[in-house]
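S.K.: Task: produce atomic coordinates for the following.
(one chain, ligands or ions: 1)
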Amino acid sequence: MNHPSPAGLGLDVEAIRADFPILHTQVHDRPLVYLDNAATCQKPRAVIESERHYYETLNANIHRGVHLLSQRATDAYEASREAVRALLNAPATQDIIFTRGTTEAINLVAQSWGRSTLRPGDEILVTHMEHHSNIVPWQLLCEQTGAVLKVVPIDERGVLELDALDSLLTSRTRLFAMTHVSNALGTVNPVAELVARARQVGALTLVDGAQAIAHVAVDVQAIDCDFYAFSAHKLYGPTGVGVLYGRRELLEQMPPWQGGGDMIALVRFSGSRWNHLPYKFEAGTPNIAGGVALKAAIDYVRTLGIDAIAAYEAGLLDYASQRARDFPGLRVVGEAPGKAAILSFVLEGIHPHDIGTILDMEGVAIRTGHHCAMPVMERYGIPATARASFAFYNTRAEVDALFTALAKVQKLFRG
Ligand code: C6P
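M.R.: Coordinates of the predicted model:
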């Protein structure tokens, strides 16, 4: 397990790295430098052990059996829901719905709330920096209901143009769906302020927290949003598990979006009745082991402390940004003040995919492409970027390894 540094300031990163077995592997005969944390984070031993422990000692289906194992599995799963509630400072566990990830959480809101509520001419507002997961579900909904999608523009630095909200937020706006942190640019949006603006015109709000949850403190009551979504795998937890927080009054009114086991109170051929919250939205057997292991991930992150994590990552990003400024021909894409641990960039005359491939041979894992945010690429007139994304286990030496490898890329292409 990990602890803050002896001085109580910052993090003891060497001790932390010892908790992550994969960080000690080699790729292409070189030590792995993992800088693709925005795609998915690596898992600490506590999370891996939690899944193993679950299958070795607890495995049973949940919410169904009277037998001991089923009760224990249910208790472990529900303990994880409580850990999520506490992490988000949500009022109650009924407000926490387990999903397969952020994507499914957003689709749930679109198909349940949106489809049952929207009428032709209603408007959904998103920002220009959204991930496809917070664009396409609304486009599908617009096709289904006749609603219209509107977009808040961003400036050259990757900051939302808030003045545009004056004309974009109107009495027709039914929902403002915004990312908390941009995966392609690193911009941290002022979500509480945006939610307050939306509320002035009576619009609901959904915050996509996929990139925020591991980097900033999240308090859904302070943000005052109606929905908040995140994925466990971006919080050092398992893939295939996600969370939707919803305001209780809304969740109560919303119809189920998938039918099946666990979401019902009574089934007759003449008609069925739904289970109470949160189970009304949790049809079928979920990823129980993953759900249980999410608690181990939350415990791990909370032990380090999100403020210590944010401070450490800010220092690392500052260092990487300085190195980027000194690197000839490199242009950073996304320079919002106070951005999160993401460095998106292009190198003059070299395609990002070539950068990624050569870096991989040097042991450095980054993501290249449009990052499922094609409108962001379109905004900057580029097909793709190279993206290094940092976690609390990354070091300055790894940042140096990134730039040493980038120098090799340049040498190869420029001779
Ligand atoms: N972004 C990235 O490399 P899922 O796939 O459901 O866990 O998360 C989707 C998602 C939604 N919103 C934002 C802001 C995201 O960054 C992501 C996932 C990864 O940037 C994979 S495309």
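S.K.: confidence score at the residue lying closest to S171 once chain neighbours are set aside?
M.R.: Once flanking residues are discounted, S171 sits nearest to V201: 5.8 Å by CB to CB, 6 or more residues apart in numbering. All C-beta spots, glycine's among them, are computed from the backbone N, C-alpha and C. For V201, the pLDDT comes out at 98.
S.K.: Ramachandran coordinates for V201?
M.R.: phi -100, psi 10 (degrees, to the nearest 10).
S.K.: so is the single nearest residue of the stretch 251-400 of the chain relative to the ligand in a helix, a strand, or just coil?
M.R.: Per CB to the nearest ligand atom, C372 is where the stretch 251-400 of the chain lies closest to the ligand, at 3.9 Å. Under DSSP: H, G, I helix; E, B strand; the rest coil, the three-state class of C372 is coil.
S.K.: Would you mind naming what in this structure lies close to the ligand?
M.R.: 38-39, 101-103, 131, 133-134, 179, 183, 208, 210-211, 231, 367, 371-372 (CB under 6 Å from any ligand atom).
S.K.: Go again with 8 Å.
M.R.: For the chain, the contact set with the ligand under CB under 8 Å from any ligand atom comprises 36, 38-40, 100-106, 130-134, 179-184, 208, 210-211, 229, 231, 233-234, 239, 242, 367, 371-373, 387, 389.
S.K.: where along the stretch 201-350 of the chain do the strands fall?
M.R.: With DSSP state E, counting those that start in this stretch applied, the stretch 201-350 of the chain shows strands at 204-208, 227-231, 242-246, 264-268, 271-274, 330-332, 342-347, listed in chain order.
S.K.: With distance to G65 as added columns, please give these in a markdown table.
M.R.: Formatted as a markdown table, these follow (distance: least, CB to CB, whole Å):
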| stretch | distance to G65 |
| --- | --- |
| strand 204-208 | 35 |
| strand 227-231 | 28 |
| strand 242-246 | 25 |
| strand 264-268 | 17 |
| strand 271-274 | 21 |
| strand 330-332 | 54 |
| strand 342-347 | 44 |
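S.K.: hang on, the earlier thing: report the buried members of the residues of the chain next to the ligand.
M.R.: Those of the residues of the chain next to the ligand that meet the buried threshold are 36, 38, 100-106, 130-131, 133-134, 179-184, 208, 210-211, 229, 231, 233-234, 242, 367, 371-373, 387, 389, by 16 or more other CB atoms under 10 Å.
S.K.: Among those residues, name the ones in helices.
M.R.: T102, T103, E104, A105, I106 (DSSP state H).
S.K.: Just the pLDDT for the fourth one.
M.R.: As summarised for this prediction, A105 has a pLDDT of 99.
S.K.: if we compare the strands of the stretch 201-350 of the chain, which one ends up closest to R45?
M.R.: strand 227-231 (20.6 Å; CB to CB).
S.K.: what's in contact with the closest one?
M.R.: 88, 99, 101-103, 105-106, 109, 204-210, 212-213, 218, 220, 239, 241-247, 250 (CB atoms under 8 Å, 6 or more residues apart in numbering).
S.K.: just stretch 211-223 next, same as before
M.R.: For stretch 211-223, contacts defined as CB under 8 Å, 6+ apart pick out 37-38, 41, 87-91, 179-183, 188, 191-192, 195, 207, 209, 228, 230-231, 234-236, 245, 301, 306-307, 309-310, 313, 340-342, 391.
S.K.: ok, back up a step: out of the strands of the stretch 201-350 of the chain, which comes closest to F20?
M.R.: In terms of CB to CB, the element of those nearest to F20 is strand 227-231, at 18.5 Å.
S.K.: send the alpha carbons of the closest one over as PDB?
M.R.: What follows is strand 227-231, C-alpha atoms only, in PDB (Å, rounded to 0.1, in the frame of the first residue of the first chain):
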ATOM      1  CA  PHE A 227     -26.100  13.800 -13.800                       C
ATOM      2  CA  TYR A 228     -22.400  12.900 -13.500                       C
ATOM      3  CA  ALA A 229     -20.700  10.000 -15.300                       C
ATOM      4  CA  PHE A 230     -17.300   8.300 -15.000                       C
ATOM      5  CA  SER A 231     -15.500   5.000 -15.800                       C
END
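S.K.: Strand partners (parallel or antiparallel) of it?
M.R.: strand 204-208 (parallel), strand 242-246 (antiparallel) (DSSP bridges).
S.K.: Dump these to JSON lines, plus distance to E143.
M.R.: Listed next are the strands paired with strand 227-231 as JSON lines, based on distance: least, CB to CB, whole Å:
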{"stretch": "strand 204-208", "distance to E143": "19"}
{"stretch": "strand 242-246", "distance to E143": "22"}
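S.K.: Let me have these in TSV, extended by mean pLDDT and distance to I22.
M.R.: Below are the strands paired with strand 227-231 laid out as TSV (pLDDT from 0 to 100; distance: least, CB to CB, whole Å):
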stretch	mean pLDDT	distance to I22
strand 204-208	99	27
strand 242-246	99	22
